[in-house]
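J.: Sequence isn't available, so here's the structure alone:
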């Protein structure tokens, strides 16, 4: 018996030859390599409502449709390019090219390699922002079987610091066990609420909270003494390594902004606490009383983005990033302590900065009940009421 063969481009060829007085047998085995790729390499979606084509990061895919696109109009046909030899599946069956998909809800596709290893992708369809809200319509943003843990927020992509306070509430019993105190019990109110105390309709009420301050224990981030109420367009995703990075500010913007307009009213809290270590999330609980009057912050920030879906500024760099192109910042007016005042502030472009229609931009609107809340400083009890926020292009 004689064996011979070769391996070329990952494929094996094996020759077996058996000779005897009676027999002369030859056998050739050709084996193909088993491919292990299981990725969506690209995806495009046709349709007049599509504003920005899908972007992929790890197992997440996001694309944008025009503002006002209906659920019916979000039934669209995706075109995929996947790893060689793999199979694309939808609802546990092989996806048939050209089949329309309802992207009014989040969808999942899986890519299965020749070895049988699946990789599951989540595809989300987001609406292009109009950067215009009267704050009259709110929706449930966090559900729970406990009523005092639920929180709401304005529709159309607005988020708040409620997500951070939900985390503090949820961890409260454990912190009480480990540190001896619950910094903010579940029955206390969230910092951002809808209220009728408005010029018309409803407004967002942002309140700076006293969350007591608990040192960092067993890897948990420190709970700050001061937690400001903040409202912004974007998303809040808890980041325990750096809580300031939990805020993901901004939405895609393809027009040059001219003005930031709106209305506000403000009541400063009585006692101002200044962080001993501003911005240090591990020591956010350490503060000292300061003779400072609290003031709010209302900023609109235009910045360059590498991708629409996965690039963003956060609480660590909203006003300092090199990506910033222009800022419209409201200067606090003490007249707001007596009643609502309107503002209309222009965008000021940075040195050697200008709007370039060939680049990608995102625009963030961020309001806070304490100007230095991102440094864990402010006066608990400070209340900022904001209404009719809008970007004029």
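T.: Received it, and whenever you're ready, just let me know what you need. This structure is a prediction, so every number in the text was calculated from the model and none was measured.
J.: what sits against the nearest residue to residue 290 once chain neighbours are set aside?
T.: Nearest non-adjacent residue to residue 290, counting by CB to CB, 6 or more residues apart in numbering: residue 274, 4.0 Å away. C-betas here are computed from N, CA, C, even on glycine. With contact set as CB atoms under 8 Å, 6 or more residues apart in numbering, residue 274 has these partners: 287-290, 292, 377.
J.: And the buried ones among the residues you listed, selectable in ChimeraX?
T.: Buried residues within those, by 16 or more other CB atoms under 10 Å, are selected in ChimeraX with:
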select :287,377
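J.: Closest one of the contacts of residue 274 to residue 256?
T.: residue 377 (33.9 Å; CB to CB).
J.: did I read that right, residue 14 in a helix?
T.: No: with DSSP: H, G, I helix; E, B strand; the rest coil as the criterion, residue 14 is located in strand rather than a helix.
J.: So it versus residue 172, what's the distance?
T.: 66 Å (CB to CB, to the nearest Å).
J.: Between the two, which has more neighbouring residues?
T.: Using other CB atoms under 10 Å as the criterion, residue 14 and residue 172 rank with residue 172 on top: 20 against 14.
J.: OK, contacts around the nearest residue to that one once chain neighbours are set aside?
T.: The shortest distance from residue 172 to any non-neighbouring residue, by CB to CB, 6+ apart, is to residue 182 (4.1 Å). Residues in contact with residue 182, defined by CB under 8 Å, 6+ apart, are 172-173, 175-176.
J.: what's across from the residue nearest in space to the middle of the chain in the sheet?
T.: Nearest residue to the geometric centre of the chain (CA atoms, centre = their mean): residue 235, 3.4 Å. Beta bridges link residue 235 to residue 248, judged by DSSP bridges.
J.: Against residue 309, how distant is it?
T.: In terms of CB to CB, residue 235 sits 11 Å off from residue 309.
J.: and if you look at residue 205?
T.: Residue 205 is 30 Å from residue 309, by CB to CB.
J.: neighbour-wise, which of the two wins?
T.: Taking other CB under 10 Å, residue 205 and residue 309 do not tie; residue 205 has more neighbours (24 against 20).
J.: List the residues that contact the nearest residue to the more buried one once chain neighbours are set aside.
T.: Nearest non-adjacent residue to residue 205, counting by CB to CB, 6+ apart: residue 195, 4.4 Å away. For residue 195, the contact set (CB under 8 Å, 6+ apart) comprises 202-205, 385.
J.: quick one on the thing from earlier: my read is that the residue nearest to the centre of the chain contacts residue 246, right?
T.: No: the criterion here is CB atoms under 8 Å, and residue 235 misses it with residue 246 at 9.2 Å.
J.: so which helix or strand takes in residue 18?
T.: strand 11-19 (DSSP states H and E).
J.: Now do that strand: distance to the chain's middle.
T.: 57 Å (CA atoms, centre = their mean, to the nearest Å).
J.: which among the contacts of residue 182 end up buried?
T.: The neighbour count (16+ other CB under 10 Å) marks 172, 175 as buried among the contacts of residue 182.
J.: Make TSV out of the contacts of residue 182 and add pLDDT and distance to residue 90.
T.: Putting the contacts of residue 182 into TSV (pLDDT from 0 to 100; distance: CB to CB, whole Å) gives the following:
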residue	pLDDT	distance to residue 90
172	92	42
173	93	41
175	89	43
176	90	46
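J.: Surely residue 167 is in a helix?
T.: Yes: the assignment for residue 167 is a helix, going by three-state DSSP.
J.: Give the burial count for it, as a bare number.
T.: Residues lying near residue 167 (other CB under 10 Å) number 17.
J.: Please enumerate the helices of the chain.
T.: 162-179 (DSSP state H).
J.: so how far is residue 251 from the closest residue to residue 301 other than its chain neighbours?
T.: Using CB to CB, 6+ apart and skipping the chain neighbours, the partner closest in space to residue 301 is residue 364 (4.8 Å). Shown here: residue 364 relative to residue 251, a distance of 8 Å by CB to CB.
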